[in-house]
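Trainee: My questions are about this predicted structure, shown below with the sequence.
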Amino acid sequence: MSSNSFNTRDTLKVDDATYTIFYLRLTGRPEHQILLVEAYAKEQGL
């Protein structure tokens, strides 16, 4: 990739946990799985 390619994640300054939750929703994961991942990330301080 070129150094001037557009990267939404870097442009919007989204942290890893938020990006992961967004990805899980985008890919149609069940809500209970999303909540589990979100709770784990918060517990771990991510």
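Mentor: That came through fine.
Trainee: Kindly tell me how buried residue 37 is, as a neighbour count.
Mentor: 17 (other Cβ atoms under 10 Å). C-beta: built from backbone N, CA, C; applies to glycine.
Trainee: right, and it touches residue 20 too?
Mentor: Yes. Assessed by Cβ atoms under 8 Å, residue 37 is found in contact with residue 20 at 6.5 Å.
Trainee: now the helices for the chain?
Mentor: Under the criterion DSSP state H, the chain carries helices at the ranges 8-12, 16-26, 31-44.
Trainee: For these, state which one has the densest average packing.
Mentor: helix 16-26 (a mean of 14; mean count of other Cβ atoms under 10 Å).
Trainee: Could you quantify the relative orientation of that one and helix 31-44 as an angle?
Mentor: Here helix 16-26 points in a direction 180 degrees away from that of helix 31-44 (axes from the mean of the first three to the mean of the last three Cα atoms, to 10 degrees).
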